[in-house]
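**Student:** next input, structure requested:
(2 chains)
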There are 2 protein chains.
Amino acid sequence: MDSHHIVYLLGVLAALLAAARLLGYAARRMGQPAVLGELLAGVLLGASVLGLVNLGDQDSQQTAIFHFLQEIGVVILLFEIGLETDLVQLLRAGPSSTAVAIAGVVLPFAGGYFVCHWFGLGNLVCIVAGASLTATSVGITARVLNDLGRLRDPESQIVLGAAVIDDILGLIILTVVSELAEGKEPTVAIIAGITAVAFGFLAAALVLGNSLVPPLARWFSRLAVPGILTTFALVLAFGLAWGAEMAGSASIIGAFAAGLLLRRTPQIHEIEKAIAPLGHFFVPIFFVVVGAAVDVRTFVPHGAAGWLTLEVGGALIVVAVLGKFAAGYVPFWFRGKKAVIGVGMIPRGEVGLIFAQMGLTAKVNGEPLFSPGLFSAVTLMVMVTTFMAPPLLKALFQPVKGEGGA
Amino acid sequence: MDSHHIVYLLGVLAALLAAARLLGYAARRMGQPAVLGELLAGVLLGASVLGLVNLGDQDSQQTAIFHFLQEIGVVILLFEIGLETDLVQLLRAGPSSTAVAIAGVVLPFAGGYFVCHWFGLGNLVCIVAGASLTATSVGITARVLNDLGRLRDPESQIVLGAAVIDDILGLIILTVVSELAEGKEPTVAIIAGITAVAFGFLAAALVLGNSLVPPLARWFSRLAVPGILTTFALVLAFGLAWGAEMAGSASIIGAFAAGLLLRRTPQIHEIEKAIAPLGHFFVPIFFVVVGAAVDVRTFVPHGAAGWLTLEVGGALIVVAVLGKFAAGYVPFWFRGKKAVIGVGMIPRGEVGLIFAQMGLTAKVNGEPLFSPGLFSAVTLMVMVTTFMAPPLLKALFQPVKGEGGA
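**Tutor:** The predicted model follows:
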């Protein structure tokens, strides 16, 4: 890519930041979370409307740049959420989180599988479509809870824990499903191994980091070199994100762990202040790129196949919402707002899109696993669940006064 | 690029930030500017040593990502320098800056041309090689002056102004030379047109911005939305960088102008504080990628051709240094340290590498314009001038006590 094209992308980035702010601000003025405006800004800038943020060609350098900025965005978002989260409180919510996470995988999967069966689709297709309903986009929910100033409420702790567990479960399901799609049969031993390594890395990072991170932070802050704590925080966040991914867990879980660890240092406020501008830059990029990945043209019905797409999509939306919502009521011992938990688990976001993409690219006997219509139906489900969660959460969970960033 | 590869690059980024900090800190402990350590970190991480920051394949997605982050880095650096620079003082230094800039183009060009002629190279080859000596890397010098806390000294104002003018002149020369390399003959009218548009954009941006930016900044700061001033500053910097490039000027000049404009708002301190962490993240990436672009293996002489490379390279270094150094003495009316001005103009940095690259890719009768040996010689000149300037500047210009970040 020549320098002229690189600077062109700098102009696109300026337009992206401005549009995200503008629509985020408009959403807030209409009583909605800012993230809703940012997602809409993505749809507007994306391939289906203005075509400024074009992610159509997976092999292009431009797509790679946007996906990399998006990844930094979600890593910094989860790092910031980690900085706000108390590890002890999170662990106390552990049993409830685990129950919600497991039910939130089993119920939507079963629902999605049966919907596809009902419409006469093949067994493997039903499995992949069902799997795409198991995802939870922790980014969307965490951002909304943070914007509402509700991140430390017990409901939020359960949702956050469940979403983190769900993200690891989702990756394990993705591995299993892609093996199945390639015609292989994964054994129980292999699945258990993947699960152990993924959760083991997280546990090891938290235990080791707990004794290493505070003295390092103290030592760096004594050096009195401008910006050294910023670099330390970023290296820890990116490093653990990388390590978590390599261990078969998700990068954002590593970034979340880095935040949890730095929260326990006396330098937490300095770090929070330094990371905030990076968040203001990178986090909107994440949501805009999520929005830009949606091609609204595929939702317009063309003939009988188009209407079938809407029927399948509609049925998937119903089971996707009901499955996660019901999961929120599984921890019957919890005495808070169970509806908030279920709604918090609804958005599929970028994780759901990855499943949809896999269904489109995986081939069985030379044919793509998902027909274009089914791909559209799954994408519609991802889109609707992602867009409905912020206003629903806001309606159920009043913002704390004086809080609530954009 | 799949998500696994994207997270791998996140790990590379963590290593890059850590290495830049470590070597930057080591350089400071040895009494050198931090930027020298960051450039060395780039050489270490680059293709010729560790191969972690690999920029060899121009068409790869990884190279595009690093070049984009590098571009953001230099844009934020020049934006920060603009925030520190007083426009009135800069304009007052205008006549001196212009004299230094013009002499700093003419003298090195003539020197480089004659060196190549002496070694029996063709006319067009001599023109392109001479042109590569005219570049000035305003980034390197501005960063060192800023680290020394000397950015507001009259010498620094002249260097900064001259480097800005030189950057526009360099782009015009690049246009002319690449037309010549393609066998075309650019007319005086065309060159005058390019020059007028390039300088005209800068003037228009400053005049229009002067009446638009302060009320906008006041309006945004009244909205009291967290981070809105950060977004405004970034949109202005990226937007003007984009506009400047489209007008045939350099993107970094647009970013510099954005900084100059925001300096005149009452919100300057808030903006400076918010941009600092972004600078701590992006600016080292710029210098590391500049360092990583150098392949030290090409400097090792192999046989007679290898020694000739070193001879040509050595002669080019001598005229490159003397030409810029002498240019510092051209504004005879200035009563400050003229040696500082000349030394400040010495580093060629990434601009010099662009010329070298053009010499390698431009073809005349199917043959590359630069032989591999001449390309190495020009790269060696860029490298030596870039690495020698920081310690020389530091030796000539004592740091102001209490200042000097890393």
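
**Student:** okay, strands next: where are they in chain A?
**Tutor:** Along chain A, the stretches classed as strands by DSSP state E are A:363-364, A:367-368.

**Student:** which of those strands has the lowest average pLDDT?
**Tutor:** Lowest mean pLDDT within the strands of chain A: strand A:363-364, at a mean of 72.

**Student:** any weak-confidence spans in chain A?
**Tutor:** A:1, A:301-305, A:401-406 (pLDDT under 70).

**Student:** longest helix in it, please.
**Tutor:** If you go by DSSP state H, chain A has its longest helix at helix A:188-223.

**Student:** that older thread, out of the strands of chain A, which gets nearest to chain B?
**Tutor:** Closest to chain B of these is strand A:363-364 (Cβ to the nearest Cβ; 16.6 Å). The way it works is simple: take the backbone N, C-alpha and C, and place the C-beta from them, glycine included.

**Student:** quickly run through the sheet partners of the closest one, with directions.
**Tutor:** Strand A:363-364 has the following strand partners under DSSP bridges: strand A:367-368 (antiparallel).

**Student:** pull the distance from the partner strand to the chain's centre.
**Tutor:** What separates the centre of strand A:367-368 from the centre of its chain is 27 Å, taken as Cα atoms, centre = their mean, to the nearest Å.

**Student:** now stretch A:135-146
**Tutor:** With Cα atoms, centre = their mean, you get 7 Å for stretch A:135-146.

**Student:** is chain B contacted by that stretch?
**Tutor:** No - Stretch A:135-146 lies out of reach of chain B by Cβ under 8 Å from any Cβ of the partner chain, never closer than 11.1 Å.

**Student:** which ones are touching the residue nearest to A:Ala217 when sequence neighbours are not counted?
**Tutor:** Spatially, and ignoring its direct neighbours in sequence, A:Ala217 is nearest to A:Thr265 (4.1 Å; Cβ to Cβ, 6 or more residues apart in numbering or on different chains). Shown in contact with A:Thr265 (Cβ atoms under 8 Å, 6 or more residues apart in numbering or on different chains): A:Val213, A:Pro214, A:Ala217, A:Arg218, A:Ile271.

**Student:** burial of the fourth one, as a residue count?
**Tutor:** Okay, so that is A:Arg218. 12 (other Cβ atoms under 10 Å in any protein chain shown).

**Student:** how much space separates it from A:Leu180?
**Tutor:** Distance, A:Arg218 to A:Leu180, by Cβ to Cβ, to the nearest Å: 49 Å.

**Student:** can you list the strands of chain A in TSV and add mean neighbour count?
**Tutor:** Shown next, in TSV, are these (neighbours: other Cβ atoms under 10 Å in any protein chain shown):
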stretch	mean neighbour count
strand A:363-364	12
strand A:367-368	12
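
**Student:** and the stretch 201-350 of chain A, which residues reach chain B?
**Tutor:** Residues of the stretch 201-350 of chain A found near chain B (Cβ under 8 Å from any Cβ) are A:223, A:225-228, A:230-231, A:234-235, A:238-239, A:241-243, A:245-246, A:251, A:274-281.

**Student:** and those, which are buried?
**Tutor:** A:225, A:227-228, A:230-231, A:234-235, A:238-239, A:241-243, A:245-246, A:251, A:274-281 (16 or more other Cβ atoms under 10 Å in any protein chain shown).

**Student:** among those residues, which are in helices?
**Tutor:** A:228, A:230-231, A:234-235, A:238-239, A:241-243, A:245-246, A:251, A:274-281.

**Student:** just to revisit the earlier point, of all the strands of chain A, which lies closest to B:Val43?
**Tutor:** strand A:363-364 (44.6 Å; Cβ to Cβ).

**Student:** list the contacts of the spatially most central residue of chain A.
**Tutor:** When Cα atoms, centre = their mean is applied to chain A, the residue found nearest the centroid is A:Ser137 (3.0 Å). Shown in contact with A:Ser137 (Cβ under 8 Å, 6+ apart): A:Ala163, A:Pro347, A:Arg348, A:Gly349, A:Glu350, A:Val351, A:Gly352, A:Thr386.

**Student:** please repeat the previous calculation with a cut-off of 7 Å.
**Tutor:** For A:Ser137, the contacting residues are A:Pro347, A:Arg348, A:Gly349, A:Glu350, A:Val351, A:Thr386, by Cβ atoms under 7 Å, 6 or more residues apart in numbering or on different chains.

**Student:** again, but for A:Glu270
**Tutor:** A:Glu270 touches A:Leu229, counting by Cβ under 7 Å, 6+ apart.

**Student:** any idea how far the closest residue to chain B within the stretch 251-400 of chain A lies from A:Phe109?
**Tutor:** In the stretch 251-400 of chain A, the residue that lies nearest chain B is A:His280 (3.4 Å; Cβ to the nearest Cβ). From A:His280 across to A:Phe109, the span is 37 Å (Cβ to Cβ).

**Student:** by contact count, what packs against the longest helix of chain A?
**Tutor:** helix A:154-181, helix A:228-246, helix A:251-263 (3 or more Cβ pairs under 7 Å, 6 or more residues apart in numbering or on different chains; DSSP states H and E).

**Student:** which of the ones you listed sits closest to B:Val125?
**Tutor:** Comparing the helices and strands packed on helix A:188-223 under Cβ to Cβ, the one sitting nearest is helix A:228-246, at 43.5 Å.

**Student:** and the closest one, what does it pack onto?
**Tutor:** helix A:61-84, helix A:188-223, helix A:251-263, helix A:268-292, helix B:3-29, helix B:268-292.

**Student:** point out the most buried one among those helices.
**Tutor:** Ranked by mean neighbour count, these are led by helix A:251-263 with a mean of 27 (mean count of other Cβ atoms under 10 Å in any protein chain shown).

**Student:** run the chain-centre distance for that helix.
**Tutor:** 15 Å.

**Student:** repeat for stretch A:286-299
**Tutor:** 14 Å.

**Student:** with stretch A:12-24 instead?
**Tutor:** 21 Å.

**Student:** good, we can wrap up now.
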